[in-house]
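Student: Mind looking at a prediction? Sequence and model below.
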Amino acid sequence: PTRPYVIDEMISAKAIAARIEDLCREIQKEYDGTDKLVVVGLLRGSFVFIADLVRELDLPIEVDFLEASSYGDVMESSREVRILKDLRGAIEGRDVLVVEDIVDTGHTLNHVTHLLESRHPARLKSIALLDKPSRREVDFKASWTGFEIPDEFVVGYGIDYAQRNRNLPYIGKVRFLEG
Ligand code: PRP
Ligand code: MN
Ligand code: MG
């Protein structure tokens with residue numbers, strides 16, 4: 001059901017791994033001494049990033065997941081985000097790091113951040129591998145960002161196009177073919 005396309009590599013697996021090492025050094029500094037960190041992955045897009053991130057983190061952590069809905073066909077500027085699968089654990093008084101693959105309009109991470117804040121964590125921060133600032137519809141900035149990218153259609157490393165290509169080990173750019 002999709003037009004024919006090819007995928008051009010945009011960020012290599014090696015570049016991603018190097019960036020994650022840098023990010024983890026910063027994250028470890030931030031959470032130095034904590035024993036109550038919960039790393040929360042947003043399903044499904046973050047599953048590859050969170051797997052690589054936590055294996056690079058030398059900290060005592062717990063892992064939990066939350067799934068927010070893809071927004072429906074409501075007006076672009078009032079996109080509604082709903083929770084399809086909530087966390088298993090309570091986060092009151094905990095340090096929480098939310099992990100996301102990409103911040104596009106900002107609605108998803110903005111909504112999840114407000115929801116989790118209402119549960120009174122000790123500290124709530126977020127990390128996104130990719131950020132497309134030119135697409136923002138709500139004022140949101142992740143605490144840490146891997147790469148800022150232009151408004152390209154990206155896939156791989158957890159990110160899908162029509163549910164495919166999440167398993168590519170790199171970030172690629174979708175290029176539609178003529179005809
Ligand atoms: C994608 C992506 C982010 C969100 C970013 O998820 O993984 O979660 O959209 O967009 P936003 O900043 O405009 O809210 P999607 O809803 O496609 O679900 P998925 O993670 O299961 O692919
Ligand atoms: Mn997602
Ligand atoms: Mg998606």
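Tutor: Alright, I've got the coordinates. Ligands and ions are numbered 1, 2, ... in the order given.

Student: who in the protein is up against ligand 1?
Tutor: When proximity is defined by Cβ under 6 Å from any ligand atom, the chain lies next to ligand 1 at 42-45, 70, 100-108, 160. C-beta: built from backbone N, CA, C; applies to glycine.

Student: if you set the cut-off to 5 Å instead, what comes out?
Tutor: Counting by Cβ under 5 Å from any ligand atom, the residues of the chain close to ligand 1 are 44-45, 70, 101, 103-108, 160.

Student: Now, of the residues you listed, which are buried?
Tutor: 45, 101, 103-108 (16 or more other Cβ atoms under 10 Å).

Student: ranges for the strands of the chain?
Tutor: Taking DSSP state E as the test, the strands found in the chain are 5-11, 37-43, 61-68, 83-85, 95-103, 123-131, 144-148, 154-155, 171-176.

Student: Could I get those strands in CSV, plus columns for distance to Thr113 and mean pLDDT?
Tutor: Shown next, in CSV, are the strands of the chain (distance: least, Cβ to Cβ, whole Å; pLDDT from 0 to 100):
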stretch, distance to Thr113, mean pLDDT
strand 5-11, 25, 98
strand 37-43, 11, 98
strand 61-68, 11, 98
strand 83-85, 13, 96
strand 95-103, 7, 98
strand 123-131, 6, 98
strand 144-148, 14, 98
strand 154-155, 22, 98
strand 171-176, 24, 98
